[in-house]
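Engineer: dropping a prediction and its sequence here:
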Amino acid sequence: MRSSNSNLALGLLGGLAAGAVLGILLAPDKGSSTRKKLIDKGHDYADGLKSKYDSLLGAVSKKYENLYQDGESMLADGKSKFNDLKSEGKSGLETAKKEFSNMKA
């Protein structure tokens, strides 16, 4: 369903753009005036696309930064837990050594 909606929207936008270009080309203006209008419309579309691209890039960058920070936090938590377990293991090993020494004696 989503694919057909996006295809429909793309088709409508293409049709509108083609209609606008044909309308300008068939208008009773001078050639230089028509060319200027086409160039201006092209610049308008390019500016709109650049704005959308910049917005998308900003959103992607923000998501990347959030993921990076989450990863850093998870790494720090993992290191902390590892060090805690390592300390507990050393402590347990020392306790076991003492108990074993006491059993020998």
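Structural biologist: Done, it's in. Keep in mind that this is a model prediction, so the values were computed, not measured.
Engineer: so the residue most central in space within the chain is in which element?
Structural biologist: Per C-alpha atoms, centre = their mean, the C-alpha nearest to the average position across the chain is that of Val60, at 2.5 Å. Secondary structure assignment for Val60, by DSSP states H and E: helix 31-104.
Engineer: mean confidence for that helix?
Structural biologist: Averaged across helix 31-104, pLDDT comes to 89.
Engineer: how far is that helix from where the chain is centred?
Structural biologist: Taking the mean of its C-alpha atoms, helix 31-104 sits 11 Å from the chain's own mean (C-alpha atoms, centre = their mean, to the nearest Å).
Engineer: sec struct for Pro28, please.
Structural biologist: Under the three-state scheme (DSSP: H, G, I helix; E, B strand; the rest coil), the conformation of Pro28 reads as coil.
Engineer: ramachandran coordinates for it?
Structural biologist: Dihedral angles phi and psi of Pro28 (degrees, to the nearest 10) take the values phi -80, psi 50.
Engineer: from Asn5, how far off is it?
Structural biologist: Taking C-beta to C-beta, to the nearest Å as the measure, Pro28 and Asn5 are separated by 38 Å. Bear in mind the C-beta positions are built from the backbone N, C-alpha and C, glycine included.
Engineer: who's more crowded, those two?
Structural biologist: Set side by side, Pro28 and Asn5 give different neighbour counts by other C-beta atoms under 10 Å, the larger being at Asn5 (9 against 5).
Engineer: how close does that one get to Gly15?
Structural biologist: Applying C-beta to C-beta, the value for Asn5 to Gly15 is 16 Å.
Engineer: the helix holding Val60 packs against which elements?
Structural biologist: Helices and strands touching helix 31-104, by 3 or more C-beta pairs under 8 Å, 6 or more residues apart in numbering; DSSP states H and E, are helix 2-25.
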